[in-house]
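Asks: Kindly generate the corresponding structure for this input.
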Amino acid sequence: MRPILPLALAAALAACAKGPAHNAVPANAAPPPTANTALAAPPAAPAGKLAQIFTPDILGANVAYLETITGPAFSTEGSDRVYKLEGCKLIVGVKGAKIDNIGIQDYSARCSFPIAQYFGQAPGQTIPNYPTFGDIEALFGGSFGADCLTQCGNATDPVVSLSYHGSHADNFNDLYAAITINDEPALTAYQDWGDKLIAKHGQDYVVSGKFNTDDSMDDVAAKDFGPIHPDTIRIGQDLPGPESGGAAPLTSPRTRVPARSRPGSPPSLPRSRGRAAAASGRPAPRGRRRASPGRAPCRTGAGRCR
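Replies: All right, here's what the predicted structure looks like:
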């Protein structure tokens, strides 16, 4: 009786092998989903609201159009309006009902815009969306300025800016990049620039703000601030800055750094050349423009040239 069991088992296995292959996959059947194909790839995210706003034709557009995207302004200071959008702060300079200039405060890699699209460039030239002062100066040139470098008082933090005045090749768009001096490494750069200006031209030269209209030692400022990112970038017309006679820079309230004053020195000085010029009855001078290699020259017959 013992050999019967192995023979019965072998017969059962043979019957299974000859039966229909219920679990077989047809040759033309689709493969089962895998971990990678079971979840469909998400659709491409739509362009954010910042991308809708920062287009080449936004300058000169109606503010009403802008506010269909942003909603009403969060705050207004003079001709400047601040909008909060996608965690970023937009600054918009308004003339009449149209956008005169636009930019971002608290500029960062996330809160940024394509700067290059507003300016003519030679082939191969570009600028990152999150540039340093060195990136901007290398492509555009421009002039460094400050609302105050010494004996600044305690009202507000000083602001250092790099301004470029565009030519006809740039559609006459200007650029303003600035940083509020309240922390390192900007504080060290600010102090070094101011100290070297004083060493070369004297205390009175710096206190009076003459460096904004005369020798500002741009090479020193460019070296000191080159690796630093601006915290505000704006493009368009009628931009702020001590060299333009425009409005005072619009910045967030900051903790005041100690004033670089000597004992017994005056507590403050005028915040911009525009105000000093107004007090003297003279028109505020325009800033100097240092052309960079490869840029198209401005032709006087083509419109406004600076």
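Asks: Please make it C-alpha for all contacts and neighbour counts, starting now.
Replies: Fine.
Asks: what mean pLDDT does stretch 69-78 have?
Replies: Taken as a whole, stretch 69-78 has a mean pLDDT of 94.
Asks: As a check, name the ranges of all helices in the stretch 101-250 of the chain.
Replies: With DSSP state H, counting those that start in this stretch as the criterion, the stretch 101-250 of the chain has helices at 133-140, 186-201, 203-207, 218-225.
Asks: closest one to Pro240 among these?
Replies: Minimum separation from Pro240 across those (CA to CA) falls at helix 133-140, 16.8 Å.
Asks: That closest one - contacts with which helices or strands?
Replies: In terms of contacts (3 or more CA pairs under 8 Å, 6 or more residues apart in numbering; DSSP states H and E), helix 133-140 is packed against strand 159-164, helix 218-225.
Asks: Please work out which of the ones you listed is packed deepest.
Replies: Of all the helices and strands packed on helix 133-140, strand 159-164 has the most neighbours on average by mean count of other CA atoms under 10 Å, namely a mean of 26.
Asks: what does that strand rub up against?
Replies: In this structure, residues lying in contact with strand 159-164 by CA atoms under 8 Å, 6 or more residues apart in numbering are 133, 137, 140-148, 174-181, 190, 241, 249, 289.
Asks: What's the local residue count around Gln52?
Replies: Around Gln52 there are 11 other residues, counting by other CA atoms under 10 Å.
Asks: Could you check which helix or strand contains it?
Replies: helix 49-53 (DSSP states H and E).
Asks: Tabulate the helices and strands packed on helix 133-140 (TSV), appending mean pLDDT and distance to Tyr205.
Replies: Listed next are these as TSV, based on pLDDT from 0 to 100; distance: least, CA to CA, whole Å:
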stretch	mean pLDDT	distance to Tyr205
strand 159-164	94	17
helix 218-225	95	15
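Asks: any chance of these in a markdown table, with distance to Ala199 too?
Replies: Listed next are the helices and strands packed on helix 133-140 as a markdown table, based on distance: least, CA to CA, whole Å:
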| stretch | distance to Ala199 |
| --- | --- |
| strand 159-164 | 19 |
| helix 218-225 | 13 |
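Asks: Which among these is found nearest to Arg81?
Replies: Among these, if distance is taken as CA to CA, the winner is strand 159-164, at 19.4 Å.
Asks: hang on, the earlier thing: following the helix holding Gln52, which helix or strand comes up?
Replies: Heading C-terminal from helix 49-53, the first helix or strand you meet, by DSSP H and E, is helix 63-70.
Asks: hmm, back to that, right, so of the helices of the stretch 101-250 of the chain, which gets closest to Gly166?
Replies: Using CA to CA, the nearest of the helices of the stretch 101-250 of the chain to Gly166 is helix 133-140, at 8.7 Å.
Asks: and the angle from that closest one to helix 218-225?
Replies: Orientation note: helix 133-140 sits at an angle of 140 degrees relative to helix 218-225 (axes from the mean of the first three to the mean of the last three CA atoms, to 10 degrees).
Asks: and helix 133-140, which residues are buried?
Replies: Within helix 133-140, the residues that qualify as buried are 133-137, 139-140, counting by 16 or more other CA atoms under 10 Å.
Asks: Between strand 159-164 and it, find me the angle.
Replies: 20 degrees.
Asks: which residues touch helix 133-140?
Replies: 125-128, 162, 164, 177, 222-223, 225-230, 290-292.
Asks: Narrow those residues to just the buried residues.
Replies: Here, 16+ other CA under 10 Å leaves 126-127, 162, 164, 177, 222, 225-230, 291 buried among the contacts of helix 133-140.
Asks: Distance to Leu50 for those residues - can I get that in a markdown table?
Replies: A markdown table is the format used below for these (distance: CA to CA, whole Å):
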| residue | distance to Leu50 |
| --- | --- |
| Thr126 | 20 |
| Ile127 | 18 |
| Leu162 | 24 |
| Tyr164 | 23 |
| Ala177 | 19 |
| Ala222 | 30 |
| Phe225 | 27 |
| Gly226 | 27 |
| Pro227 | 26 |
| Ile228 | 24 |
| His229 | 20 |
| Pro230 | 19 |
| Ala291 | 30 |
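Asks: All good on my end, thank you.
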